[in-house]
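**Student:** Got a predicted structure plus its sequence, pasted below:
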Amino acid sequence: MEQLSTDEKNILKLLRYGAEAARTTAYLAGITGLDTRTVRNIIRRLVIDHGVPVVGERTGSYRGYYIATDQDELARASGPLKNEIKQLARRNRALIFAQIRTDWLEYLTTKGDQDNGKSDI
C-alpha cells in the first residue's frame, strides 16, 4: 500500500465519522487551501488506493464527505454511484454513435420544427 501524501493526511484529518458530520468539498478546500478538483481527487485516492470508506452525498440532509460507520451509510453511497455509472454509459454510447456535423443548431431547430407538427401534411 502506498504511503499517504501530506495532502491526503490533511484531508483525512478533516474528515469526520458518520453522515451527521459530513463536510463539503468547499469546506475541505477552504481549510486546506487546495482547489475543489484536487480535494475530489484526494478523496478518490483515499477510497481507491487506501481503502478508506469515504462517502460523498450530494443530496439530502447530510451533504458532503464523511467516513462511513456502518453498512447503511455505505449502501446510501452505492445507489447514486450506480445511477451515475448508468448515465455515463448512456453518454458514452451516444458519443460512440454520434454523427459528426457542423450545423447542429440548424439541424436540431429544423428537426424540432418538423416534430412539432409544422409540416404540410
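**Tutor:** That came through fine. Numbering: from 1, shown residues only.

**Student:** Specify the beta-bridge partners of Y17.
**Tutor:** In this structure, Y17 bridges to I67 when assessed by DSSP bridges.

**Student:** Counting neighbours, what do you get for it?
**Tutor:** 12 (other Cβ atoms under 10 Å). C-beta: built from backbone N, CA, C; applies to glycine.

**Student:** you'd agree it is up against E73?
**Tutor:** No. In this structure, Y17 is not within contact of E73 by Cβ atoms under 8 Å, at 9.5 Å.

**Student:** Quick check: neighbours shared by those two?
**Tutor:** By Cβ atoms under 8 Å, 6 or more residues apart in numbering, Y17 and E73 have these common neighbours: Y66.

**Student:** Next one: the nearest residue to P53 once chain neighbours are set aside from I48, what distance?
**Tutor:** Excluding the flanking residues, the one nearest P53 by Cβ to Cβ, 6 or more residues apart in numbering is A68, at 4.2 Å. To I48, A68 is 15 Å away according to Cβ to Cβ, to the nearest Å.

**Student:** Looking only at neighbour counts, state which of these two leads.
**Tutor:** A68 (18 against 9).

**Student:** mind listing what's buried in the helix or strand harbouring S78?
**Tutor:** Here S78 sits within helix 71-96, counting by DSSP states H and E. Using 16 or more other Cβ atoms under 10 Å as the test for burial, helix 71-96 gives E73, A77.

**Student:** For it, which helices and strands make contact with it?
**Tutor:** Judged by 3 or more Cβ pairs under 8 Å, 6 or more residues apart in numbering; DSSP states H and E, the packing partners of helix 71-96 are strand 54-57.

**Student:** Paired strands for the strand it packs on, with orientation please.
**Tutor:** strand 64-67 (antiparallel).

**Student:** Check what contacts the strand it pairs with and list those residues.
**Tutor:** Contacts of strand 64-67 (Cβ under 8 Å, 6+ apart): 15-19, 21-25, 27-28, 43, 52-57, 73.

**Student:** out of the residues you listed, which are buried?
**Tutor:** Buried among these by 16+ other Cβ under 10 Å: 15, 19, 22-23, 25, 28, 43, 52, 54-57, 73.

**Student:** from the residues you listed, which is closest to Q3?
**Tutor:** V52 (14.0 Å; Cβ to Cβ).
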